[in-house]
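**Q** Sequence below, structure please.
(chains A and B)
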Amino acid sequence: MMHSDEPTGEWQLQERALEEERRGVSPHDTQGALAEYRLIARVLREPLSDALPPDFAAHMATQVESAVELENDYLEKWLQRMLSSVLLVAGAIAALVVGGRLVKMLSTSALGTTGLSAATDWIVVAALCCLISYVLERVLRQRH
Amino acid sequence: MILDTSWRIAVAAYVERKFELAATVTVQHVSTSKMNVRKPPSPDDDRLLVEEVMARASGAFERLVRQYQGLCWHIISRMAPNREDARDLCQEAFLRVYRYLYQYRFESPLRFWIAQIAYSTAARHLERKRIPLVELADENDPSHPLAQLSDGFDLEDASADADLIAALHAEIDVLPPLQRTVLTLYHLDEVPIGDIARITGLAAGTIKSHLFRSRAKLRQRLGARTRSVK
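**A** Numbers count the residues shown, from 1 in each chain, chains lettered A, B, ... in the order given. Predicted coordinates:
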């Protein structure tokens, strides 16, 4: 499609100049507008004076990797928060629904004892569990 | 008339001298040309590379960047003249390439898809900075390139190679961003008009018109510049 303000001859001259430069045709006897356009085409085909730093690709790859890691971290933290919230809500609902019955069960002594001493037994068991978990974690860390 | 003939001879002599020089350093010339216009990868190469990047294969994205950073730089540095801005925009463009690679459907070569992202990244930057992409051409303006096409430039004072080249580069640098980019894509990267149209989102006729006008303007401006030196 040729626009009305593009004289066909002039356009063809520009294109011919570019084509001759691309093919490396000898400019012998080239004069006038064609010679000018060949000069322009030659300059336009010169590499740009500036370029990206040589380590640009490696830098980009590192940047993308850290961005991906950040995104993964974000996802992990988000999932953790979601899970904690769900557990909290579920715990609250459970406490509301079965809390009364649970307290009754504990106080009527599953271990054959009564009231306060049964509660103390359960606290001791829970504390022992925490202590064992803590010690095991420390031991495993030291091994690493 | 004598002056007119003298500059025409000077241009012809300059072009011929450059050609002879190029012939004597053939190896260097060929290697430079190859550096400028590398053989574009096949669709299979593109597909393999994209799949590797998507699978996060080691070094795949670095290879993709290395392969297309030249084209990306040509577009962005022509659109945004500030070097620092251009480097930042290249980074932004490749981050977008990585983020949206899953949307690439292999309908066009990967290099044009990446070029499209580079162009839109730079265009958005210019929009933010309120820099116009194209200048408004006034057809009735006597300084319009079409009105002065018959005027040649006088090389009497600018026949030295370095002066001539520097003057042309300076004139290219003051062209509007879109015209600089279109010229570079067409001449340096040898991207066909139809593909430049796809990259820029403009009609092929508009690209052709920009090419014509900017080359005519370069020819006219060079003449005006050398005349003012006289």
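**Q** packing partners for the lowest-mean-pLDDT helix or strand in chain A?
**A** Least confident helix or strand of chain A, by mean pLDDT, DSSP states H and E, is helix A:115-143 with a mean of 81. Applying 3 or more CB pairs under 8 Å, 6 or more residues apart in numbering or on different chains; DSSP states H and E, one finds that helix A:115-143 makes contact with helix A:56-107. Where C-beta positions appear, they are placed from N, C-alpha and C, glycine not excepted.
**Q** circling back: just want the angle from the least confident helix or strand of chain A to helix A:56-107.
**A** Counting by axes from the mean of the first three to the mean of the last three CA atoms, to 10 degrees, helix A:115-143 points 160 degrees away from the direction of helix A:56-107.
**Q** Quickly list the domain ranges of the chain.
**A** All of this is about chain A. Under automatic domain parsing, the residue ranges defining each domain of chain A are A:8-44, A:76-143.
**Q** that answer is for a different chain, and I need it for chain B
**A** According to automatic domain parsing, chain B comprises the domains B:2-35+B:134-229, B:37-128.
**Q** between the ones you listed, which gets the lowest average pLDDT?
**A** The minimum mean pLDDT among the domains of chain B belongs to domain B:2-35+B:134-229 (a mean of 70).
**Q** Can you tell me which residue sits nearest the middle of chain A?
**A** Among the residues of chain A, the one closest to the centroid is A:Val68, at 2.7 Å (CA atoms, centre = their mean).
**Q** Name the nearest residue to that one, ignoring sequence neighbours.
**A** Leaving out its chain neighbours, the residue that sits closest to A:Val68 by CB to CB, 6 or more residues apart in numbering or on different chains is B:Arg56, at 7.6 Å.
**Q** helix, strand or coil for the one you found?
**A** Classification of B:Arg56 using DSSP: H, G, I helix; E, B strand; the rest coil returns coil.
**Q** do you know how far it is from A:Arg38?
**A** Distance of B:Arg56 to A:Arg38, given as CB to CB, to the nearest Å: 48 Å.
**Q** Have a look at those two and say which one is more surrounded.
**A** Regarding B:Arg56 and A:Arg38, a neighbour count based on other CB atoms under 10 Å in any protein chain shown identifies A:Arg38 as having more, with 28 against 11.
**Q** looking at it, that one is touching A:Thr30, isn't it?
**A** Yes. Counting by CB atoms under 8 Å, A:Arg38 touches A:Thr30, with 6.2 Å between them.
**Q** Wondering if the longest helix seen in chain B reaches chain A at all.
**A** Counting by DSSP state H, the longest helix found in chain B is helix B:204-229. Yes. In terms of CB under 8 Å from any CB of the partner chain, part of helix B:204-229 sits within range of chain A, namely B:204-205, B:208-209, B:211-213, B:215-216, B:218-219, B:222.
**Q** Now the residue lying farthest from the centre of chain A: which helix or strand?
**A** Distance from the centre of chain A peaks at A:Asp29, with 60.2 Å (CA atoms, centre = their mean). Applying DSSP states H and E as the criterion places A:Asp29 outside every helix and strand.
**Q** Would you list the phi and psi of it?
**A** Backbone torsions of A:Asp29, given as degrees, to the nearest 10, read phi 70, psi 10.
**Q** From the chain's centroid, how far away is stretch A:53-65?
**A** Offset of stretch A:53-65 from its chain centre (CA atoms, centre = their mean, to the nearest Å): 15 Å.
**Q** Buried residues, it. List them.
**A** Buried positions in stretch A:53-65, judged by neighbour count with 16 or more other CB atoms under 10 Å in any protein chain shown: A:56-57, A:59-61, A:64.
**Q** hmm, that stretch touching chain B?
**A** Yes. Judged by CB under 8 Å from any CB, stretch A:53-65 and chain B are in contact via A:53, A:56-58, A:60-61, A:63-64.
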